[in-house]
Every structure is written in structure tokens, then in C-alpha cells.
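Novice: fold the following for me, if possible:
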Amino acid sequence: MARPMARPVRQPEGGRPRPQPRPQPRTRTAPKRTAPKGWAGTTFARRVRLIRLVLVLALLALVARLVDVQIIHSAAYQVQAQGESSRSVTLTALRGGIYARDGAPLALSVPTEDVIADDFQVVHPVTTAEALSKMVQVPATTLAAELQRHTGYVVLARQLSLAVGQKITNDDIPGITTVDDSKRIVTNGNLAAPVLGFTNSNGGAAGLEYGDNSLLAGTAGKETLMESPTGVALPQSGVTDRVDSRAGTGLELTLDTSLQYESEQALAQAIESSNSVSGTAIVMDVRTGRILSMANLEATHPDALGATSSTATTEPDSTGAVIPIGPKDAVNEASSNLAVTKLYEPGSVFKLVTFSAALANGLINPNTVFTVPDQIKLDGSTFHDAEPHPTEQLTATQILAQSSNIGTSEIAQGLGEQRLLAQVRNLGFGQPTGLDFPGESPGLLATSAQWEPTDYVSLPIGQVDAVSALQVLDAYNAVANGGVFVQPKLVEATVSPSGGVTATPASPSHRAFSPQVDAQLTSMLEQVVAVGTGTSATVPGYTVAGKTGTAQIPTQGRDSYVAGAYMASFVGFAPAVNPTLSMIVVLDRPTPIFGGTVAAPVFSQVMGYALHRYDIPTTPGASSPATPTTPGTPTTTTQTPSEQAQDIT
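Specialist: This is a model prediction of the structure:
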């Protein structure tokens, strides 16, 4: 390619070249930036508006929350705040007392004081402990350790006397306060303990203390104390709320303390002398059903196994010495009220059911004669009297007096199943007694659905049904009461905290059999004591009617009986004419085994004491002691062991 031709330089005139201008140096200029629109630009303005909106919304939410807390739900938050800064202390109610029929106290609650420490406020634990030690009867070292637990609430001592509590309050020891409490006191030792029961920290735990706890306990109060969230009491805050406790209602029982003591002493002697496992004795007012004494004892000595002992004797203690009753003695109060909680096959005392039904239905009279062999066959089984004997002609009265099992069965077969079972219920068996006592059992009865032909022997002699001692006494008390069955009664009245006494309703009653039948039964039961198996139950100066029982003890869980183990009993009333008192005595596994030998003398001793105590007139024509004796001293049976053995079922 041809190069372009250079442009000729024009020379100025004169021949010299024209000077060219010197080129100026190039300077570099920075590019010109476009300035922003400023702090009020569109993006920033949006952000500012958003922040303002958020702040407004937050303020509105805060205001709404304040309105909710301060106005709408203020009450609820106040309750929560108080719950976090207060502590409720229970004010124990003074428990109602239990009294005997004469007003003598049996169990009382007395006001006491508990000593409480707020150990956060105790600056000098050792000094405080030394100041309290003698007053609360606790070693200073123990108190000092308690005062350094830092829990805010420490119980230093319980149930101090009011005088001690007042002294501690007057001393105004920093961090130490007292709280009302009470202590249960049993004024007669363990007398009637199974009936009264006992209390624990939760209130009544057994016996009447448990059964009537709703009455006795009263209503606890409370007071509210202010404290910090850590449990420290707020200084000078005082009590913000207080509801006073209301004392409980007391019980006035039908028990006679003197008769109760006599019953327990006689029963304890019988348990010791016969090596019995346990025993029960109940005395009742015939007309009203009031229980005047209810003794329940059990043996603690090693020989109390129902076994034969070389030292066993039924002779009364002629020295009249007091028999100690307690946990460390040979005999102690039973762990429960055996009179209503312990079931047993009653044996011959149950023959009342058969004889009363037969008389009521006109099948027999006291002089009806029966041919009584010593054994019979029934449904392929052979039944016999306890002792062999030739076939005899016995009246109904003699059958009952001699406690013939075969003779009783003959009468029962004439009655039939339905009339027998109906009379069992009519006399109160298989039903609650009406005491409503804790742990009471209604018993176990044979029913028509379970009936077997052999029950014509087993039921009439008390081998099929299981009953309590009180149920047996109730049935015999109906005989003593002219044929009228009356429910037993243990609580005579209630006692208000102010001392007002309100009587409980009279016991319900119903007619069990007619007065004519009742008179016949009474005369037949008199013969049991006069010439039969119950001669040891006689009370000098009075006529007595009753029945003995010597019943085998079933093997638990098996269809058999424990070899050599028996329940011995006697139940009756006196005087036989115009009866006033009825009584039952039951001994578990005594030696000798016969009710007429071991239980009847206890009846004689206690009944004799009771009749004299209540000034009951003697019976004209009744036997009198040849020489003066202590009231109730038991007599010695005139029957041979062979004759007593007829009572065994």
C-alpha cells in the first residue's frame, strides 16, 4: 500500500521556518460523579417510616399489656403475686373429747404450742439454741444444727405446754415463733383401748377415734404469712389473712368405767389362768341396748397357744390382786375390737335359733319329749353327741340344758330349712349390729342356695355360720327383753365445743318372738344354769338364765377343724325374772376347753359386781351364799367333765 505523502511545511517569508507552538501537557481529569438526591431519599424515607410504625405498634402493645395487667386481669395477678410471696399455715383444731356415761373423760385433747424457727433470720444459731434448750428440753447442739439448715421453716419442738410457749413468745427471740397445736391424752391408761381407738398425725386411726373422726376432728383454720421468694419471712409483715379453727364435737359413751375395769380384770385373770389366746366380755343394758362394758384382751405370754399347761387353773385369784394389763404384761389390750371384728363358729349358744323358732311355730313346748340316741345317720353321714350315751327320753328343756346335739337336730328337722334360716335373720345374725363400728363384720351365713341335708345338724349346733360375740349377745338380749330385739348402742350423746349435750336417738327395735314364747325360753335357759352345763354362772342372790358353748375352730382354708382348739363361751342375763343386764364371755383356745368351766365363772364375777353396783334387788328364793363374799366371786361347777363335754359341737 502506498504510504500517504507528507504534507509540506509552509515556510514563512524570509526563508525561516515558522515556529510551531509547544504542545501542552495533558492532564487527566477524574470523571464527574452524579450526586445522590440526599438523606431524604426515597429508600431512607421508607426505612424511617417503617421504624416509626414499629415503634408505634410496640408502644400500643405495651399499653395494651399494661391495661391487661393493671385493669383487666389485675385481680388474677394479685393472687399469683400473693401466692409467690405468702405461706399458709394450718391452725390445728382442738379435737373433741370422749367421755364415759358419767361424764368422766376417757380421751381428751389439750392445747399445746409448737416452736418454729425461720433460720434465715437467726443470726447467732448457737446463742439461740442455748436460750431455747432448757425450755424445749432439746440439747443445744441438736438445736444449733437445726438452726443452720437454711430452709426458712424448721420445727424445733412440738406439743409444748401453753406456759412454755408463752415464755418463748415473751422472750421475743429473733426468728423464733410459736404455732398452736394440741395433744391427745388418754386419762385411764389403756382402759377400753380397742373401743376408743387411737389417733395419729392424720387424725383418728382406729376405733371410735376413726369411726367418728368427722365429728371429733373439728375444722382446721389457717393463717397467711408474707415471705420472700426464697422463703424468708418479711420483717413486720404480720398475718395477712386468718381463719380461726373450730373445735370438734365430743362423744359421751354408754361405757361405765368402773364396770369396764372390773370386766377387764376378770377377763385378764381367765386368759392367764386358762392360757387363752384372747377373750371378749360385753355387758349390756337389757331395755335400751346400751353397752356398759366391752372388754377385749389378748395374751402376750409364750404359753398363750391354746395348749394344755400344767399351771392352768380356773380358780379365782383369792388375793384380789390387780392384774396388770399392758404391752409388757402377760395380757394386753387387743389390737382391735374383737367383740365386733372377730368371727367364730358359735357352737351350742346358737341353739337358741332352733328352740325359739320351734316354740314360735308351736312345734314344741318346754315339756315336749323326744327320743334321743347318741348318734344318727343323715344323708349318708353319721352324727353323734360329744359323749356316748344310751338312747334317752328327754324333754325339750333337758335337751337344751344338757346341750344335746342330736336332740337339737331332731327339733331342727321338724322346723325345716326355710323356717330355720328365717329365724337366723330374725335374731340379727348376718347383719350389721347397728353400731357402725370400724371393721365390724356382719358375719357369714349359710343360704338356701348352699343348703345341704347335713345342715340340719350343722346349723342348729352352730357349725355352719360365723358370727361375732356382739351378735350372739344381741340375740340373747332379745330373750331378756321380753322377746323384743333392740340394737346395741355405744354413743349416748354428742358434746358441742361449748359443752352442750345432745342425746342420740334411741336404738331401733323389733319383736323377735311373742311374750309367751319368751317366757318359755327364759324358763328353759334358767335350767341350763340351775342343773345343766352353766352352773358356774350362778350369781348368789339372783336367778340367772343363759347358755354355754364349746365350739371347734375351723382350719383356715380347709374343710376341717383344728385339733384340740375350741372357743369357749357363756351368754346370759340376770335376774332371770325382770332382767336388767345381759352379758357374754368368749375365750379363744382355753384350757380346759369348756365354756361352762372357763367362761361361765367370768360371767358370774362380773355380773355379780354389776348387779350390786346398780343396786338391783335380789331375787326372792334365789340361792344365797353361806358366808359373805366379794360381789361376783365365781362358783365352782358341779358338773363332771363328761357332762360338760356334751356342750362340744
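Novice: endpoint to endpoint, stretch 426-445 covers what distance?
Specialist: Stretch 426-445 has an end-to-end distance of 13 Å (criterion: C-alpha to C-alpha, to the nearest Å).
Novice: what mean pLDDT does that stretch get?
Specialist: The average pLDDT for stretch 426-445 rounds to 95.
Novice: contacts for it, please.
Specialist: Stretch 426-445 is contacted from outside by 197, 206-208, 210-211, 336-337, 340-341, 343, 352-353, 356, 421, 424-425, 464-468, 470-471, 474-475, 478, 485, 487-490, 507-508, 512, using C-beta atoms under 8 Å, 6 or more residues apart in numbering. For glycine as for every other residue, the C-beta is placed from the backbone atoms N, C-alpha and C.
Novice: what about these, which are in helices?
Specialist: 207-208, 210-211, 340-341, 352-353, 356, 421, 424-425, 470-471, 474-475, 478 (DSSP state H).
Novice: list buried residues within those residues.
Specialist: 207-208, 210-211, 340-341, 352-353, 356, 421, 424, 470-471, 474-475, 478 (16 or more other C-beta atoms under 10 Å).
Novice: tell me who's in contact with residue 340.
Specialist: The contact partners of residue 340, by C-beta under 8 Å, 6+ apart, come to 433, 435, 437, 439-441, 468-470.
Novice: now swap in residue 498 and tell me
Specialist: Residues counted as contacts of residue 498 (C-beta under 8 Å, 6+ apart): none.
Novice: for stretch 188-196, buried residues please.
Specialist: 188, 191-196.
Novice: ok, stretch 442-450 next?
Specialist: So for stretch 442-450, counting by 16+ other C-beta under 10 Å, buried means 442-443, 445-446.
Novice: from the residues you listed, pick the one nearest residue 416.
Specialist: The shortest approach to residue 416 among these belongs to residue 446, at 14.1 Å (C-beta to C-beta).
Novice: okay, and for this protein, where does confidence drop off?
Specialist: Scanning the chain for pLDDT under 70 picks out the ranges 1-40, 81-85, 87, 227-240, 301-320, 624-646.
Novice: domain parsing of it, as residue ranges.
Specialist: For the chain, automatic domain parsing gives the domain ranges 88-215+225-253, 257-492+505-645.
Novice: from the ones you listed, which stretch is densest packed?
Specialist: Among those, domain 257-492+505-645 has the highest mean neighbour count (mean count of other C-beta atoms under 10 Å), at a mean of 20.
Novice: how about the nearest residue to residue 424, chain neighbours excluded?
Specialist: Spatial nearest neighbour of residue 424, chain neighbours left out: residue 353 (5.5 Å); criterion: C-beta to C-beta, 6 or more residues apart in numbering.
Novice: I'd guessed that neighbour sits against residue 461; true?
Specialist: No. If you go by C-beta atoms under 8 Å, residue 353 and residue 461 don't touch, sitting 10.2 Å apart.
Novice: in the chain, where's the longest helix?
Specialist: In the chain, with assignment by DSSP H, the single longest helix is helix 42-67.
Novice: quick one: the helices in the stretch 51-200 of the chain?
Specialist: Here the stretch 51-200 of the chain has its helices, by DSSP state H, counting those that start in this stretch, at 74-84, 125-136, 140-146, 162-171, 193-196.
Novice: tell me how far stretch 519-531 lies from the chain's centre.
Specialist: 39 Å (C-alpha atoms, centre = their mean, to the nearest Å).
Novice: wait, stretch 69-85
Specialist: Distance of stretch 69-85 from the chain centroid (C-alpha atoms, centre = their mean) equals 44 Å.
Novice: now stretch 67-86
Specialist: Taking C-alpha atoms, centre = their mean, one finds stretch 67-86 lying 44 Å from the centre of the chain it belongs to.
Novice: got it, and stretch 459-470?
Specialist: The answer for stretch 459-470 is 26 Å, by C-alpha atoms, centre = their mean.
Novice: now do the end-to-end distance for it.
Specialist: End-to-end span of stretch 459-470 (C-alpha to C-alpha): 19 Å.
Novice: check stretch 552-566 too.
Specialist: Distance across stretch 552-566, first residue to last, is 5 Å (C-alpha to C-alpha).
Novice: contacts for that stretch?
Specialist: Here stretch 552-566 makes contact (C-beta under 8 Å, 6+ apart) with 306-307, 344-345, 347, 463, 550-551, 567, 589-590, 593, 648-649.
Novice: quick check, central residue of the protein?
Specialist: By C-alpha atoms, centre = their mean, the chain has its centre lying nearest to residue 206, at 2.5 Å.
Novice: so where do the strands sit in the stretch 351-500 of the chain?
Specialist: Here the stretch 351-500 of the chain has its strands, by DSSP state E, counting those that start in this stretch, at 369-372, 375-378, 381-384, 392-395, 484-486, 491-495.
Novice: distance to residue 44 added to the ones you listed, as a markdown table?
Specialist: As requested, the strands of the stretch 351-500 of the chain are exported to a markdown table (distance: least, C-beta to C-beta, whole Å):
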| stretch | distance to residue 44 |
| --- | --- |
| strand 369-372 | 127 |
| strand 375-378 | 118 |
| strand 381-384 | 116 |
| strand 392-395 | 128 |
| strand 484-486 | 104 |
| strand 491-495 | 88 |
